[in-house]
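1. Make a model of this:
(one chain, ligands or ions: 1)
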Amino acid sequence: MPARDLLAAVREYHDQTKHHVSRFARSLGYLDWATRPDPFRTFDSAARIDLIEPLRAAAGGRGSSDGRAWMGISYDELFVPAASPRVAPGLPAVSVFLRHSLGLSAWKQAGPSRWALRVNPSSGNLHPTEGYAVCGPGVAGEHPGIFHYAPDAHGLEQRCAFAPAAWDTAVAHLPAGSFLAGLTSIHWREAWKYGERAFRYCQHDIGHAVAAMRMAAALIGWEFSLVPGWSSESLAALLGVDRTGDFDGAEPEEPACLAIVSPPRGPIMSDVGLQWAEVDPRLADAARAGVWTGRASRLSADRVPWDSIDAAAEASRQTPSLARAVSAGPRRARACGTRFGASPLASSVLLGRRSAVALDGRSSIDLERFVFMLRRLLPEACPPFDALCWEPRLHLVLFVHRVTGLEPGIYVLARTDDAVANLQRAFHANFAWIRPAGVPDDLPLYLLAHLDARRIARQLSCAQDIAADGFFSLGMLAEFDEALAAHGPSAYRQLFWEAGAIGHALYLEAEAAGARGTGIGCFFDDGVHELLGITDHRFQSLYHFTVGIPVDDSRLTTHPGYAWE
Ligand SMILES: Cc1cc2nc3c(=O)[nH]c(=O)nc-3n(C[C@H](O)[C@H](O)[C@H](O)COP(=O)(O)O)c2cc1C
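-> The predicted structure follows:
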């Protein structure tokens, strides 16, 4: 299809899947429990590699002293580049990385029902994202291999073994011990509940998973960066999700992204980091020629086709010709290691991240902490945003309810320098655009209107109380037209990935502050635009979020993610 038609298809999907007060995006309208998808995919007959013992080894068991290095670091230390790895290359590093990014964080129980939560959040807890690791020889077997991550068992399933020479060539310029992490989405898992809007949620979830992986890499003192330049077709071949025979009858997996996970390069290179290092796409040819095992398990007895999702997925795939256009130049480095008082343990923040189901509607946060949180969302060369290989294009519209020292109202955080003028041009002319007193000059926060925004925020987020009952809630506005014009239809996915990464950073900041966040995928798109005066697609709202003090549901009991921990 010509590039112009692909763009039109992406735009059509976006407009068609908006929620309106009078009409929600299409879905079945009820939950068909008979076809509820299994949250855990397995590859039957694939060899299983245990990650529990390697995790124990990394935690200080069996002669290793690494454990103290990574288990003892504070959350704030995740923002300081490590001079040396906290876990040496090998299976223990892969294990700690996956446990703290895509592993289980808890089991919840209500009466006879039991369900798992994960380190990475997911809309409706449906978890469309599947994770893969591609490791060099000697990490998990003699040959380089491609492995599917099974979070329920915390294990790897070996999908492919391929020729060592191809691996050596592909990663020749990377530090020894580097491995690759790949993500895919099973759209059906999300569409089962949310219908045609589900493709958006799958992309948010990828953004969250990327950010979760970036933070897990920081925990072990490693670097992490998405790889630009890989087409969806090559990625599908590398991860084996194009092997139709292995997916016969099973729900397909849509390739999303590939990342390098790498021990630090040392002090000289650490300013530049891994940003946008490449991996030779010919690695996909080696995978094609490799020895594959395993068949994808079927997740539902039956499924409902959503043509609009298939069309959006197809239109937004990374093509070989467009692939290279997404990489941007290195960003300005910034000292990310600032602290805010006592910082909790990094691993407990990463594993303790949860969504609030309800917020208390009365607690407040200090301006100083609020400013600190917002600063962590700026897209400079700090985790998790240093993992993204495109120019930042999302800005925040904040509904401030209870921040001590700041007037309640509607605010904007412009995440890039040149966005302010564009936002001003797109918004109603009568907004104040005042720099609030007490907010440092280097935080680009502007007051638009001074008012009690609780009712508006609640209404715009599909009448969900959590949007009004926290310290603040927000909408994420993307430079929609410009991103699509500059980078083509695959930028549609990346805008949602960036939104997911911002949401993830906020989840962790909330947790570190003793509060709690919740991603909000249900909102009235054009209601947000009307409030701000946006009449075209220069900016589009892609994701909402709220932060406050949670009210726990005493009917639920919580159990550890893994019985062996
Ligand atoms: C993209 C996305 C959209 C979400 N939308 C909503 C929402 O509209 N309302 C809500 O209460 N929770 C929402 N959530 C929170 C999820 O329900 C929550 O992440 C999931 O149940 C897993 O729980 P956990 O985050 O505690 O692990 C959303 C989460 C994500 C990642």
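
2. what does the helix or strand harbouring His14 contact?
-> Element membership for His14 (DSSP states H and E) is helix 3-16. Helix 3-16 has contacts (Cβ atoms under 8 Å, 6 or more residues apart in numbering) with 1, 25, 196, 199, 308-309, 311-312, 314-316, 322, 480, 484, 488-489, 492, 537, 540. From N, CA and C alone the C-beta is placed, and that goes for glycine too.

3. if you set the cut-off to 6 Å instead, what comes out?
-> 308, 311-312, 315-316, 484, 489, 492 (Cβ atoms under 6 Å, 6 or more residues apart in numbering).

4. So for that helix, what gets flagged as buried?
-> Using 16 or more other Cβ atoms under 10 Å as the test for burial, helix 3-16 gives 6-7, 9-11, 13-14.

5. quick revisit: return the subset of the contacts of helix 3-16 lying in helices.
-> If you go by DSSP state H, these have 308, 311-312, 315, 484, 492 in helices.

6. The helix holding His14 - what's its average pLDDT?
-> The average pLDDT within helix 3-16 is 94.

7. Which is the succeeding secondary structure element to it?
-> Helix 3-16 is succeeded, C-terminally, by strand 43-44 (DSSP H and E).

8. Pull out the buried positions in whichever helix or strand comes after that following strand.
-> Downstream of strand 43-44, the next assigned helix or strand under DSSP H and E is strand 48-50. For strand 48-50, burial by neighbour count (16+ other Cβ under 10 Å) applies to Ile49.

9. Tell me the neighbouring strands of strand 48-50, and mark each as parallel or antiparallel.
-> Sheet pairing of strand 48-50 (DSSP bridges) gives strand 155-161 (antiparallel).

10. any idea how far the partner strand is from the chain center?
-> 23 Å (Cα atoms, centre = their mean, to the nearest Å).

11. neighbouring contacts of it?
-> 43, 46-51, 143, 145-148, 150, 240, 287, 290-292, 294.

12. surely Leu556 meets Lys108?
-> Yes. Under the criterion of Cβ atoms under 6 Å, Leu556 makes contact with Lys108 at 5.3 Å.

13. Dump the ones in helices among the contacts of helix 3-16 into CSV; add pLDDT and neighbour count as well.
-> Below are those laid out as CSV (pLDDT from 0 to 100; neighbours: other Cβ atoms under 10 Å):
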residue, pLDDT, neighbour count
Ser308, 97, 21
Ala311, 97, 18
Ala312, 98, 27
Ala315, 97, 22
Leu484, 96, 22
Tyr492, 98, 28
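
14. Tabulate those (JSON lines), appending distance to Gly475.
-> JSON lines is the format used below for these (distance: Cβ to Cβ, whole Å):
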{"residue": "Ser308", "distance to Gly475": "23"}
{"residue": "Ala311", "distance to Gly475": "26"}
{"residue": "Ala312", "distance to Gly475": "21"}
{"residue": "Ala315", "distance to Gly475": "25"}
{"residue": "Leu484", "distance to Gly475": "19"}
{"residue": "Tyr492", "distance to Gly475": "18"}
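
15. So Leu508: helix, strand or coil?
-> Per DSSP: H, G, I helix; E, B strand; the rest coil, the local secondary structure of Leu508 is helix.

16. Pull the number of nearby residues for it.
-> The burial count assigned to Leu508 is 25, neighbours taken as other Cβ atoms under 10 Å.

17. Please shift the residue numbers so they start at 721 in all later answers.
-> Taking 721 as the first residue, the last one we looked at is Leu1228.

18. Tell me the pLDDT of it.
-> 98.

19. Might you report the residue contacts of it?
-> Counted by Cβ under 6 Å, 6+ apart, Leu1228 has contacts Val1069.

20. okay, the angle between the helix holding His734 and helix 1027-1035?
-> Angle of helix 723-736 versus helix 1027-1035, following axes from the mean of the first three to the mean of the last three Cα atoms, to 10 degrees, is 140 degrees.

21. Okay then, goodbye and thanks.
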